[in-house]
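1. only geometry, no sequence info:
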């Protein structure tokens, strides 16, 4: 272990609660030590301790911290795939302890308030952005922030209502949701439809000052968005990405 790695906090934390935040997506709230400090957008590694079952994927996962720093717990949010890790996480008793290491990562809101932040999220890729967005609203940051949030259906979109209503708390924030499979939905939708593309960005970013783009989600989506931004002439220095694998 390197000297830098040796300084990463490692601690045990108890599961306090869990709740569904979309179909097939659950948020897990763990106790937060007073000493745990992180920057919105960072992630942690979590180890299950003596799990009731395991498989080839192992007992460790990396999760973005989807809670904001001011919230009382460390929240992680994940799709409930059929793996031993996810089955144990979904069913283990409250107060069960896990080992947490971190935080890690440098996906964070830029400092230059003159430049807009444009977040491009697909599905579970919203998790680091929820932390950043709630923190920006709470601290009344002056950044102009645009969130493009793509899902198959409203039923599949984690934190959808919260992210929409956040506009009321932050006048500098604009929510643009889009759905790609509304024919499979049982609810109504008044927002955009189809995949995030250059036309959608151009439509909503007319007033965005020299944006910096952030993209998180499944690798295929992140790569496609990166290529789309490059083709639109966006400099690579103004594109920050995080791929979510194994979800």
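-> Thanks, I have it. These numbers were taken from a predicted model, which means no experiment stands behind them.
2. Report the central residue of this structure.
-> Nearest to the geometric centre of the chain sits residue 127, at 1.6 Å (C-alpha atoms, centre = their mean).
3. element containing that one?
-> Per DSSP states H and E, residue 127 falls inside helix 127-139.
4. Residues touching that helix, excluding its own?
-> 40-43, 63-71, 76-77, 107-109, 119, 121, 141, 143, 145, 147, 158-159, 162-163, 166, 169-170, 172-173, 214, 216, 242 (C-beta atoms under 8 Å, 6 or more residues apart in numbering). (Each C-beta comes from the backbone N, C-alpha and C, glycine too.)
5. Helices along this structure, start to end?
-> Remark: helices assigned in the chain by DSSP state H are 3-6, 84-91, 127-139, 160-165, 198-204, 219-231.
6. What does the pLDDT read for residue 247?
-> At residue 247, the predicted lDDT confidence score is 50.
7. got it, and residue 217?
-> Looking at residue 217, its pLDDT stands at 82.
8. Distance check, it against residue 241.
-> Taking C-beta to C-beta, to the nearest Å as the measure, residue 217 falls 9 Å from residue 241.
9. Which one of these two is surrounded by more residues?
-> Counted by other C-beta atoms under 10 Å, residue 217 and residue 241 do not tie: residue 217 has more neighbours, with 26 against 18.
10. Might you report the residue contacts of that one?
-> Here residue 217 is in contact with 120, 121, 122, 123, 124, 125, 150, 243, 244 (C-beta under 8 Å, 6+ apart).
11. How about residue 105?
-> Here residue 105 is in contact with 41, 42, 43, 242 (criterion: C-beta under 8 Å, 6+ apart).
12. Need phi/psi at it.
-> Backbone dihedrals for residue 105, given as degrees, to the nearest 10, come out at phi 100, psi 160.
13. and it, what pLDDT?
-> pLDDT for residue 105: 89.
14. now it: how far from residue 19?
-> Residue 105 sits 25 Å away from residue 19, going by C-beta to C-beta.
15. from the contacts of residue 217, which is closest to residue 232?
-> residue 120 (12.3 Å; C-beta to C-beta).
16. residues near the residue nearest to that closest one when sequence neighbours are not counted, how many?
-> The shortest distance from residue 120 to any non-neighbouring residue, by C-beta to C-beta, 6 or more residues apart in numbering, is to residue 215 (4.3 Å). Here the number of neighbours of residue 215 (other C-beta under 10 Å) works out to 27.
17. My guess is residue 215 contacts residue 244. True?
-> No: using C-beta atoms under 8 Å, residue 215 makes no contact with residue 244, being 10.7 Å away.
18. Residues that sit against both of those two, list them.
-> residue 125.
19. still on that earlier bit, may I ask which two of the contacts of residue 105 are separated the most?
-> 42 and 242 (10.4 Å).
20. so what's in contact with those two at the same time?
-> With C-beta under 8 Å, 6+ apart as the test, residue 42 and residue 242 both reach 64, 105, 107, 128.
21. Can you list the strands that the strand ranked longest in the chain pairs with?
-> Assignment by DSSP state E gives strand 10-22 as the longest strand of the chain. Within its sheet, and counting by DSSP bridges, strand 10-22 is paired with strand 25-31 (antiparallel), strand 97-104 (antiparallel).
22. List of residues touching the longest one?
-> If I follow you right, that is strand 97-104. Defining contact as C-beta under 8 Å, 6+ apart, one finds that strand 97-104 is touched by 8-15, 30, 38-39, 42-49, 62, 65, 74.
23. Before I go, just wanted to say thanks for your time.
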